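K.L.:
Sequence first, then the predicted structure, then my questions.
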Amino acid sequence: MCQIDYRPKGFQAVAVALANNEIHLYKDKFLVDVIQVEENIYSMKFGRLGREDATLVMITKSKNFFILKNKKKSIYFIFDRWGINNKNS
């Protein structure tokens with residue numbers, strides 16, 4: 001679970017990683033979004049990464065590294081032990 005506080009848009013929410021490979025975003029008591037991921041999430045953190053202000057970084061139990069950027073189109077970057085894969089969603 002991690003807190004999402006994106007001040008330029010006045011958006012505050014909580015991200016909860018579930019065992020069924022989903023991340024639920026809750027604003028107040030309401031579910032506002034569900035993100036499907038390929039593996040169980042071990043850890044996640046929201047904040048600034050490089051020039052991007054709104055980035056959700058996730059690490060899986062198998063030590064893969066996901067980055068979800070807030071753009072017009074969400075892009076998953078998957079860094080695994082063998083290289084880098086790029087998935088547009």
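P.N.:
Perfect, thanks for sending it.
K.L.:
alpha carbons only for contacts and neighbour counts from here, please
P.N.:
Will do.
K.L.:
Tell me where the protein has helices.
P.N.:
Here the chain has no helices by DSSP state H.
K.L.:
residue closest to the middle of it?
P.N.:
Leu56 (3.8 Å; C-alpha atoms, centre = their mean).
K.L.:
Does that residue touch Ile67 like I think?
P.N.:
Yes. Leu56 is within contact range of Ile67, at 5.8 Å (criterion: C-alpha atoms under 8 Å).
K.L.:
show me the contacts for the residue nearest to the centre of the chain.
P.N.:
Neighbour list for Leu56: 44-47, 67-69 [criterion: C-alpha atoms under 8 Å, 6 or more residues apart in numbering].
K.L.:
and with 6 Å instead?
P.N.:
Counting by C-alpha atoms under 6 Å, 6 or more residues apart in numbering, Leu56 touches 45-46, 67-68.
K.L.:
so what pLDDT did the closest residue to it other than its chain neighbours get?
P.N.:
Nearest non-adjacent residue to Leu56, counting by C-alpha to C-alpha, 6 or more residues apart in numbering: Phe46, 4.5 Å away. You'll see Phe46 listed with a pLDDT of 89.
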